[in-house]
Each structure stands twice: as C-alpha cells, then as structure tokens.
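[1] Generate a structure from the sequence data that follows.
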Amino acid sequence: MADDMSQIGTSGVYFVDGNLNINSNNTIASNKSLMIVVNGDINVSNSVTQVNGILVAKNIGATGLNNSQLVFNGSLYAENTIDLSRGFTTKRLNNANPAVKVIYNPEMIFKLPPETSKILTNYKWGN
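    Numbers count the residues shown, from 1 in each chain. Coordinates of the predicted model:
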C-alpha cells in the first residue's frame, strides 16, 4: 500500500507489501490505535523523534545520528532484527541518556477494533 509513513493514516490497521520508510513524526488520538504490518523492513529516518503505534516487520531499524531522542510509543515486533543503534550527534550525550527510548504501550492492542484479530489471524501475503 505505502512505502512512506505519510501515506498511512493516523489510526487503524495497515498492510504494506514491501519496505516502509518513516521520514516524519506521527501522532494518534488517545482513544485510537495504529498497527502497521510490513512485509519487508521498516526504516526510521534519523530526523524522526517520535513514532506511535504497533509496528510489525521483518526488520526494524533506527540508525544514524541526531541530537534529539527518538521515542517509540507502542510496540515493536520483528521477524529478524530490531536495530536501535541510533546515537546522539554530540557524543557525550550518549553517556547520560538513551538516543532511542521504547515506551511499551499494550493498551494500543486493546484499542484495535474487535474484528482486527480475525483479520490478522487469517491474513496471508499474496491473497
């Protein structure tokens, strides 16, 4: 469906056949949830500072340098690798704070529409 986060809405379940590049921050309403299932890799640009939602992919990467912390609010699931090796441009900042923080939010799963679990259980790529 999309290869860039700007083509994905702010709530619901989205399936992406291929890679997904996240090049900008995203927000979701407090009473909504966002799940993105990618049949490929998710790559987070080093300019991004906030990603909200449940991300599922073969690999998830947040690398590079930035002087602002990257915060994931939600959940990250990868078939292979989650690479959060992003660092601060000012190296001494790496000693005091993490450059990437993941705030696990299981509540997002329960805010998904009830029919979502049936869709996810029966979904197969290529059908």
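[2] most centrally placed residue in this structure?
    Residue closest to the average C-alpha location in the chain (C-alpha atoms, centre = their mean): residue 55, at 4.2 Å.
[3] hang on, that residue packs against residue 74?
    Yes. Taking contacts as C-beta atoms under 8 Å, residue 55 lies within contact range of residue 74: 7.0 Å. No exception for glycine: its C-beta is placed from N, CA and C like everyone else's.
[4] Now residue 58: which helix or strand?
    Under DSSP states H and E, the secondary-structure element containing residue 58 is strand 50-62.
[5] re the thing from before, in contact with the residue nearest to the centre of the chain, which residues?
    In this structure, residue 55 makes contact with 36, 38, 42, 72, 74-77, judged by C-beta atoms under 8 Å, 6 or more residues apart in numbering.
[6] pLDDT at it, what is it?
    Per-residue pLDDT puts residue 55 at 95.
[7] Going forward, the N-terminal residue is numbered 51.
    Okay, residue one is now 51; in that scheme the one you just asked about reads as residue 105.
[8] how close does it get to residue 99?
    When distances are taken as C-beta to C-beta, to the nearest Å, residue 105 and residue 99 turn out to be 16 Å apart.
[9] Please apply the same query to residue 115.
    With C-beta to C-beta as the criterion, residue 115 and residue 99 are 13 Å apart.
[10] All good on my end, thank you.
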